[in-house]
Structure formats: C-alpha cells, structure tokens
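Q: Quick one, structure for this:
(one chain, ligands or ions: 1)
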Amino acid sequence: MTLFIDGHTYHYEMECLCRMFFFYQKIEVVHAQAPSGENYVYTGAARTEETTRLSVQVRLDERVHDEQAQVQNAREDYDSFCEKELARMVYRILSKLTGTHLGWGILTGIRPVRLVHSFWEQGKDDREIQQIFQRDYYASPQKTQLAITTAYQEKQIISRSGRDSFSLYVSIPFCPSRCRYCSFVSHSVEKTKKLMEPYVDHLCRELRLVADQVKQLGLRLETVYFGGGTPTTLTAQQLERLFDTIKEQFDLSHLQEYTVEAGRPDTITPEKLQAIKAAGITRISINPQTLSDSVLQEIGRRHTTQQTLEAFALARKMGFDNINMDLIAGLPGDTYESFVQTIEGVLKLDPENVTLHTLSVKRAADLARQPDWVYRQQHETVAAMLEYAYQRFEEQGLRPYYLYRQKNTMGNMENVGFCKPGKEGLYNVYIMDETHSILAVGAGGVTKLRQPGGTYLQRIFNFKYPYEYLSRFDDILTRKGQVPEFYERYKDDSDRPGGGDQ
Ligand code: SF4
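A: From the prediction side, this is the model:
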C-alpha cells in the first residue's frame, strides 16, 4: 500500500489512520503530486488565495473512490480542520471499500480520555462531547461512552494528587520465561539468575539515593509500584530486602497504594506472599492472561490455569483484598468461546480489579502475516470479545477507571482497567495521565519528572538491560542528579512556559 502526501504536512496522522486499516501491510509514504501504482491512498491539499481544495483518492483491488472538499483559508482552526477533514475523507472511503468500521473512528492518539478532559476544560458538557466524538471523529456511541465514564473515574483519582506528590516505580526486569508476544525488556531467569542478587544490591543503593533526594526536596510519596517483568521471580528474601529498604528510607505516611505485580502465577509461593503481606503491600496482581491451557502453551507462558487458581486462592487465604488480574483479548489460538470461558472463570474468582488488554499484533508475527480476510475475522472476533467482557464486568459491578490505546492492536481496540468501587489502581492513572512525577529505579526504569503546578515533563532513562544497569551503575547515579536540578529550576514557579494550573 502506498500513501501519497501532496501539499500538506499531515503525513503522520494519515499514516496512522491507514495503518489502522492495513496494519498487516507495509505502508510506503511517498510525497508526490499524483498517485500511481496498484493500491494507494492519495491525500492532497491545493491552496489558492482564499480556499484550499482537499482531495482523497483511494485505489484498492482495482476499485477507485475519491472525495473532495473546500476549506476557507481564513478559518481560525484551519490547520486542525484540514487535518481532520482529510482524515474523515480517508476514513469514509476506506471504511466503504474494506467494510471495516473502527470503534474509535479517526482518533489515532493513545488517550481518548484526555480529549474528554480537555473538552470539559473548554466548558463542554457530556452531550456535546458525545456529539463531537461521533460527528467529528466517527467514534462509536459505545467507545464514546466508555471514554466519558472512564474520564469521570480518572478525574477523582487525579484530584487526590498534590503539587509535591510523586510515585515510585521499582523495575524487576526478570521473568521465568519469555512470552511470545512480550514487548517489555524482560529477561528469562534461566539466563540471568546470577545477576539477580547483585541487581537487588544495586536497586537498594539506587533507592537510597532517590530517598535522600525526595527528603531534601520535601516530596510526598503517594504510590509505590513494583513492576517488570515479574517481581516475584525474586526470592522472598530478596523481596524483603527491597521492602525493608523502602520502609527505612522513605516516608510512607501519605502512601495511598502499594502494589506488587506478582504477575506470573508460577512464581507465586506462600513465602513470597507472606513477605509481601508483612511489608504492608495493599494491592497485588496475579496475571493469567487467559484461562485456556492450550492458549497459554501457544503464547509460551509456562504455567497452567490450575496454577492461576491456586495462586489466587492462596492470596485470598492470606488476606489480600485487592487483587488485579490481567487478561488479553485476541491471543493466538484463543476463540470467542474460550475467551468467554476465561471471563467467566475470572469473574467466579471475584477479583477487585481486572485489566483487559487487546493484543498488540506488532509482536504476533503469525497473525500479521495472515491474509486480509483472516485479519477482518479476527477484528470482528476481538470486538465481540470486548463487548462480551464489558457487559459482564458491568453486571459484576466492575467499572472502567483507566483506558489507553496502543498502536497495532487487534481491531484497533483499547486496554481498560476495571475495578470495584474504591479499588482503583491509582498508579495506573498517575502514570498514564502524567499527573505527577514518577521516580523509577532499576533497569529499564524511566523517571518522568513533572513540573510542580505546571505541565512540563522531563525524562531520565536508566539503562535497559540488567547487565548494563550493573556495569554502568555510576552513570545512573550521575543521571539521577537531574532530579534535584529539575525541582530547583521549577521551584515556586507557575508562570514559566508550561506553568500554571492543569
Ligand atoms: S510475564 Fe510479562 S514481562 Fe514477562 S515475558 Fe511475559 S509478557 Fe513479558
């Protein structure tokens, strides 16, 4: 598929949109005044003194469709209008030619909920927002409602964060084995076992440095999140050392949430859960992804459904009353029927949180290689899977509280966190919304500093891989020097660029 760009600068938006229809194909972007070749999408803008003529022509399997529109150059929103109008024209034609309707329409960004927040800030009410989503972005009524409902939950969580708030992220980039669809920087334990003890030593050192910094800066710790990877690949003793370091070094008196993503059920043992419980962790994740053993095998997760059920029962027995379960829709080998069984099996366990992701097909190479009709079938299956799950979650009293989209997901669907009232995963919202600074420790950790009272963001990257993290640890400590510098720069400051209330 060739995407022609002629006389405008909206190539990124156009490419994202085309990719949503043809993610399984290579899209070649060509700047040219006229289209040519077999299959193409041509997008053009020809500006004269007073008006601009927008045109789109699509040729697909020997069928050709086109549309034109005229835009007044004097429009205040000229640029964004032209971009959206071209996108709408492309969408209408591709939708007609392929028979595919996208739930999020021409919305290509990862945060539809943020759009709701910004419309609220402009004084628009929910009815107007619904109209805009459906009329201007071609989003479906269901997705629009999902974005608005989620935005209400998020708003409450965001309001709990103050000017000096921050969250702490502890990265444990080890896993028992690597899942086939994984895009994280995780290392299988078999290969890296000997790195784990020194890794914990270095993490404790980094935690101490960060704790000193936040003490001096007077920052308030709101949430702690152990993620990865699979934090429970560490031994109970190693976990205890990390928990103790955090307890000794940080002021936890304002802490609203403490999460350990136990993750893979095959790593959960009574000793580790005991260590987690004793440290006062309030929320854990046990992530089955699916309750179908054949799908688990297909995706390279070396655990069984039985292990998930046992790990969950054990956690409940030990008194954990806020458990999240991660699931994925669209996994290779999964069918609508087996997905329904997964949902029903999970609901029977009655977890407080369920996070439902849609598979990102970038990594599922076998799916991406399949022909057009298979993709369309998968697209429809994933849409039906989500519809079923959302309906059942609602019936079970689980409501959406955070939502984001990734590129190249099956059916261009979303990832949504659902929970029982009062059991929201706060960290998930803070990181996604960029509400306050996230100080990250460990390999692959990305510290995101947010200007207090403002919107400016600065990132500090730790080295990705554990061996690099260990061998270049001093470089990391040096980089972390940017944390106090950042806060010093933005001290008492709300009128610099990007300053002011959000
Ligand atoms: S458990 Fe998660 S982080 Fe680890 S390999 Fe599987 S998908 Fe990746």
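Q: List the beta-bridge partners for the residue nearest in space to the middle of the chain.
A: Against the mean C-alpha coordinate of the chain, by C-alpha atoms, centre = their mean, the closest residue is Tyr404 at 5.0 Å. Per DSSP bridges, the residues bridged to Tyr404 are Asn415.
Q: Please give me every residue in contact with it.
A: Neighbouring residues of Tyr404 by C-beta atoms under 8 Å, 6 or more residues apart in numbering: Ile110, Arg111, Val113, Glu414, Asn415, Met432. Backbone N, C-alpha and C define where each C-beta goes, glycine included.
Q: again, but for His117
A: Going by C-beta under 8 Å, 6+ apart, the list of residues near His117 reads Ala151, Glu154, Lys155.
Q: mind listing what the last one touches?
A: With contact set as C-beta under 8 Å, 6+ apart, Lys155 has these partners: His117.
Q: And the one helix or strand it maps to, what's buried?
A: Taking DSSP states H and E as the criterion, Lys155 maps to helix 141-158. Burial within helix 141-158, assessed by neighbour count using 16 or more other C-beta atoms under 10 Å, is assigned to Lys143, Thr144, Leu146, Ala147, Ile148, Thr149, Thr150, Ala151, Gln153, Glu154, Ile157, Ile158.
Q: Phi first, then psi, for Glu38.
A: phi -70, psi -70 (degrees, to the nearest 10).
Q: Would you check that it makes contact with Leu60?
A: No - using C-beta atoms under 8 Å, Glu38 makes no contact with Leu60, being 9.0 Å away.
Q: Looking at the two, which one has more neighbours?
A: Leu60 (19 against 10; other C-beta atoms under 10 Å).
Q: hang on, Arg19 in a helix?
A: Yes - judged by DSSP: H, G, I helix; E, B strand; the rest coil, Arg19 forms part of a helix.
Q: filter the contacts of Tyr404 down to the ones near the ligand?
A: When the contacts of Tyr404 are checked against the ligand using C-beta under 6 Å from any ligand atom, none falls in range.
Q: number of nearby residues for the closest residue to Thr51 other than its chain neighbours?
A: Sequence neighbours aside, Gln70 is the residue nearest to Thr51 in space, at 5.3 Å (criterion: C-beta to C-beta, 6 or more residues apart in numbering). The number of residues packed near Gln70 is 11, by other C-beta under 10 Å.
Q: List the contacts of Gln70.
A: Shown in contact with Gln70 (C-beta under 8 Å, 6+ apart): Thr51, Thr52, Arg53, Leu54.
Q: Reduced to three states, what does it come out as?
A: Look at Gln70: counting by three-state DSSP, its state is strand.
Q: Tell me where the stretch 401-502 of the chain has helices.
A: 426-433, 466-471, 473-480, 482-489 (DSSP state H, counting those that start in this stretch).
Q: now, which of the contacts of His117 lie close to the ligand?
A: Of the contacts of His117, not one also sits near the ligand (C-beta under 6 Å from any ligand atom).
Q: how close does Asn428 sit to Tyr467?
A: Going from Asn428 to Tyr467 by C-beta to C-beta, to the nearest Å gives 29 Å.
Q: Revised request: answer the last question for Glu76.
A: Here the criterion is C-beta to C-beta. By it, Glu76 lies 54 Å from Tyr467.
Q: who's more crowded, those two?
A: Using other C-beta under 10 Å, the more surrounded residue of Glu76 and Tyr467 is Tyr467, with 14 against 7.
Q: which residues touch that one?
A: Residues counted as contacts of Tyr467 (C-beta under 8 Å, 6+ apart) are Thr192, Leu195.
Q: Leaving out sequence neighbours, find the closest residue to Asn462.
A: Distance criterion C-beta to C-beta, 6+ apart; nearest residue to Asn462, sequence neighbours excluded, is Gly445 at 4.4 Å.
Q: Likewise for Ala279?
A: Ala279 sits nearest to Phe243 (C-beta to C-beta, 6+ apart), 3.6 Å away.
Q: Wait, a helix at the one you found?
A: Yes - assessed by three-state DSSP, Phe243 belongs to a helix.
Q: I'd assumed Gln274 was in contact with it.
A: No - the pair Phe243 / Gln274 is not scored as a contact, 11.5 Å apart, by C-beta under 8 Å.
Q: Compare those two (neighbour count), which wins?
A: Phe243 (21 against 14).
Q: who's in contact with the more buried one?
A: Ala275, Ile276, Ala278, Ala279, Ile281.
Q: Kindly report the residues of the protein close to the ligand.
A: Contact residues (C-beta under 6 Å from any ligand atom) of the chain with the ligand: Cys175, Arg178, Cys179, Cys182, Phe184, Ser186, Gly228, Gly229, Thr230, Gly263, Arg264.
Q: give me that answer again for 8 Å
A: 175-179, 181-184, 186, 188, 228-230, 263-264, 287, 289, 300-301 (C-beta under 8 Å from any ligand atom).
Q: Do you know the pLDDT at the residue nearest to Ala279?
A: Phe243 is assigned 98 on the pLDDT scale.
Q: any idea how far it lies from the ligand?
A: Taking C-beta to the nearest ligand atom, to the nearest Å as the measure, Phe243 falls 21 Å from the ligand.
Q: cool, Pro421 as well?
A: 28 Å.
Q: Find me the pLDDT at that residue, would you?
A: 96.
Q: That one reaches Arg399, doesn't it?
A: Yes - assessed by C-beta under 8 Å, Pro421 is found in contact with Arg399 at 7.3 Å.
Q: Look at those two and report which has more neighbours.
A: Arg399 (17 against 11).
Q: residue contacts, the closest residue to that one other than its chain neighbours?
A: Spatially, and ignoring its direct neighbours in sequence, Arg399 is nearest to Phe418 (6.3 Å; C-beta to C-beta, 6+ apart). Phe418 sits next to Asn353, Val354, Thr355, Leu356, Phe393, Leu398, Arg399, Pro400, Tyr401 when contact means C-beta under 8 Å, 6+ apart.
Q: between the residues you listed, which is closest to Asp475?
A: Thr355 (34.0 Å; C-beta to C-beta).
Q: which other helices and strands contact the helix or strand where that closest one lies?
A: Here Thr355, judged by DSSP H and E, is contained in strand 353-358. Counting contacts by 3 or more C-beta pairs under 8 Å, 6 or more residues apart in numbering; DSSP states H and E, strand 353-358 packs against strand 323-329, helix 372-395, strand 414-419.
Q: Please repeat the previous calculation with a cut-off of 10 Å.
A: Using 3 or more C-beta pairs under 10 Å, 6 or more residues apart in numbering; DSSP states H and E as the contact test, the elements touching strand 353-358 are strand 283-286, strand 323-329, helix 336-349, helix 372-395, strand 399-405, strand 414-419.
Q: Sounds good, over and out.
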